[in-house]
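Asker: sequence first, predicted coordinates after that:
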Amino acid sequence: MILRDKISAQLPEWRERVKTLLKEHGETVIDRVTISQVYGGMRDIKGLVSDISYVDPAEGIRLRGYSIPEALKLLPRPEGGDMPYVGGLYYLLLVGETPNPEQALAVEDEWKARSVVPQHVFDMLRALAPQAHPMQLLSQAVLALQSSSVFARRYEEGMKKDEYWLPMLEDSLNLTAKLPGIAAFIYSLKYRNGIVPHPDPERDWAANFAHMIGVKDKTYEDVARLYFILHSDHESGNVSAHVTHLVASSLSDIYYAFSAGLNGLAGPLHGLANQECLGWLLDVHKKFGGVPSREELYKFAWDTLDSGKVIPGYGHAVLRVPDPRFTAQMEYARKHFPQDELVRLADLVFDVVPQVLKEQGKAKNPAPNVDAISGALQYHYGVREFDFYTVLFGVGRALGVTANAVWARALGQPIERPKSLTTKMLEEAAKGQ
Ligand code: CMX
């Protein structure tokens, strides 16, 4: 298999590189840690490694060194498509090289061969409470697949540490292959008739999602590709990526680990912000009977803050500029449907909210993040049940966290175990200064 062969070929050099770094420079100090960081969600503490993506505060994400516009331009596209194959992106994340069309299609073919979702997963989802949030369904579905983990079976049988990454790759491909079908089923179960068409072998991974969810407009295939690519990876410290890595570091398989990561993504300060944001835009739209004036929106934004709420889709723990993932989606919307009311509203919010947050003076980054516009695109195509939107985020996020998990196994990253202190110890450390 192409991914296995490509990673295999790189591994000896990578292992040597890490071994030498640790042996010769293991005691080199790279950063200092302050009490506010210890008490403040470990913000900016450099304690994780990922060679797959890096978020530059002043520039945004780079996937294997490529900015979002560069990646979208370089990755191979389907004929007539505006956006690249997601299989090509997965190749880039896993292998670190830009794939040619055959290589991107090889990943797409791997996914096709592994896409059948076992019946017990559908049965289990049907048995859950009707009011269960779609993210609960997604997390449970991933967990239900755990019984098929190749890693868990091979570990039980006994396997050398050097080989751990191989079944991790198998599991990652099996899991990611099934996610579009699972997500489409969750959508249909919650909001339609619970029936999903079979995947179409002629379509790629993202286009199949568009097909299975029932959006007829062909351009939604591009939106699906764009969406999954943009949400794939955002280095390792965000909640969903970090939780997945943390759980997998105990040698749990990817199903246990990613199910846990999804539970973190379901929080309103993280992935759920996309549903919250669309809800906020709709509240504005309803209150003013359309797109309000600048002044009306300014007051509405202040009312949100004064009521003790955050403005969803704005702010970021690392970024200090508008999120390029926001920009890519906004550019798409402006190009393809500039007159859409929610897109016009999201554009106005982009004009007004940063100013409001600056005036309030709390948020370190008053600019939009990925969630500020993503829902408006889905809404345009008729995917209007906005409590489903974080599921879409989760499907995309699987690509990044599984790629990281494969490499963490390949390079033998150990179980995570940071050290905690008591408040008294911190007070004493402060006195000693
Ligand atoms: N609206 C109102 N207040 C905000 C804000 C926003 N959009 N963003 C930050 N703040 C506030 C914080 O709540 C914090 O207030 P307190 O001092 O009272 O606790 C203060 O500004 C400082 O926060 P920060 O250091 O700028 O941001 P954090 O790193 O603590 O948090 C984030 C980052 C994303 C959780 C925060 O900006 C936020 O809550 N944004 C809205 C929710 C959102 O869009 N989340 C999605 C992020 C992207 C993703 O993961 O999907």
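Answerer: In hand now; what should we look at? All figures in this text were calculated on a predicted structure; none of them were measured in a lab. Numbers count the residues shown, from 1 in each chain.

Asker: and the top helix by length along the chain, which residues are buried?
Answerer: Determined from DSSP state H, the single longest helix within the chain is helix 165-191. Neighbour counts over helix 165-191 (16 or more other CB atoms under 10 Å) mark 165-190 as buried. In short, each C-beta sits where N, CA and C put it, glycine included.

Asker: for residue 238, which non-adjacent residue is closest in space?
Answerer: Spatially, and ignoring its direct neighbours in sequence, residue 238 is nearest to residue 270 (6.9 Å; CB to CB, 6 or more residues apart in numbering).

Asker: okay, and that neighbour sits in which element?
Answerer: For residue 270, there is no enclosing helix or strand under DSSP states H and E.

Asker: where does the stretch 301-433 of the chain get nearest to the ligand, which residue?
Answerer: Nearest residue of the stretch 301-433 of the chain to the ligand: residue 315, at 2.2 Å (CB to the nearest ligand atom).

Asker: contacts only, for the residue nearest to that residue when sequence neighbours are not counted.
Answerer: Leaving aside its sequence neighbours, residue 315 sits nearest to residue 363 (CB to CB, 6+ apart; 4.5 Å). Residue 363 sits next to 314, 315, 357 when contact means CB atoms under 8 Å, 6 or more residues apart in numbering.

Asker: residue 290 now?
Answerer: Contacts for residue 290 (CB under 8 Å, 6+ apart) come out as residue 341.

Asker: what does the one 5 residues further on give?
Answerer: Taking CB under 8 Å, 6+ apart, we find residue 295 in contact with no residue.

Asker: re earlier: who's in contact with the next helix or strand after the longest helix of the chain?
Answerer: Downstream of helix 165-191, the first helix or strand assigned by DSSP H and E is helix 205-213. Under the contact criterion CB under 8 Å, 6+ apart, helix 205-213 has outside partners 78, 85-87, 108, 111, 115, 177, 180-181, 183-185, 187-188, 196-197, 199-200, 203, 220-221, 223-225, 227-228, 383, 395.

Asker: send me helix 205-213 as CSV with only the CA atoms.
Answerer: Taking C-alpha atoms only, helix 205-213 is exported to CSV below (Å, rounded to 0.1, in the frame of the first residue of the first chain):
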residue,chain,number,x,y,z
TRP,A,205,-14.6,10.6,-0.4
ALA,A,206,-16.0,14.1,0.1
ALA,A,207,-18.2,14.0,-3.0
ASN,A,208,-19.7,10.8,-1.6
PHE,A,209,-20.5,12.6,1.6
ALA,A,210,-22.3,15.2,-0.5
HIS,A,211,-24.2,12.4,-2.4
MET,A,212,-25.1,10.5,0.8
ILE,A,213,-26.3,13.5,2.7
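
Asker: how about the helix or strand that that helix is followed by and the ligand, touching?
Answerer: Under the assignment DSSP H and E, the closest C-terminal helix or strand after helix 205-213 is helix 220-230. No. Residues of helix 220-230 are not located near the ligand by CB under 6 Å from any ligand atom, the shortest gap being 11.1 Å.

Asker: other residues contacting helix 220-230?
Answerer: Contacts of helix 220-230 with the rest of the structure, by CB under 8 Å, 6+ apart, involve 68, 71-72, 75, 81-86, 89, 203-207, 209-210, 325, 328-329, 332, 370, 374, 377-378, 381, 392, 395-396, 399.

Asker: cutoff 6 Å now
Answerer: By CB atoms under 6 Å, 6 or more residues apart in numbering, the surrounding residues in contact with helix 220-230 are 81-83, 86, 89, 206-207, 209-210, 325, 377, 381, 392, 396.

Asker: pull the number of nearby residues for residue 58.
Answerer: Using other CB atoms under 10 Å, residue 58 is surrounded by 7 other residues.

Asker: how about whichever helix or strand residue 342 is part of as PDB, C-alpha atoms only?
Answerer: Residue 342 belongs to helix 341-360 when assigned by DSSP H and E. The C-alpha coordinates for helix 341-360 follow below in PDB (Å, rounded to 0.1, in the frame of the first residue of the first chain):
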ATOM      1  CA  GLU A 341     -28.300  36.900   3.200                       C
ATOM      2  CA  LEU A 342     -26.300  35.000   5.800                       C
ATOM      3  CA  VAL A 343     -23.000  35.400   3.900                       C
ATOM      4  CA  ARG A 344     -23.700  39.200   3.700                       C
ATOM      5  CA  LEU A 345     -24.500  39.100   7.400                       C
ATOM      6  CA  ALA A 346     -21.300  37.200   8.200                       C
ATOM      7  CA  ASP A 347     -19.400  39.700   6.200                       C
ATOM      8  CA  LEU A 348     -20.900  42.600   8.100                       C
ATOM      9  CA  VAL A 349     -20.100  40.800  11.400                       C
ATOM     10  CA  PHE A 350     -16.500  40.500  10.200                       C
ATOM     11  CA  ASP A 351     -16.600  44.300   9.800                       C
ATOM     12  CA  VAL A 352     -18.200  45.100  13.200                       C
ATOM     13  CA  VAL A 353     -17.300  42.400  15.800                       C
ATOM     14  CA  PRO A 354     -13.500  42.800  15.800                       C
ATOM     15  CA  GLN A 355     -14.000  46.500  16.600                       C
ATOM     16  CA  VAL A 356     -16.500  45.600  19.500                       C
ATOM     17  CA  LEU A 357     -14.100  43.000  20.900                       C
ATOM     18  CA  LYS A 358     -11.200  45.500  20.700                       C
ATOM     19  CA  GLU A 359     -13.300  48.100  22.600                       C
ATOM     20  CA  GLN A 360     -14.100  45.500  25.200                       C
END
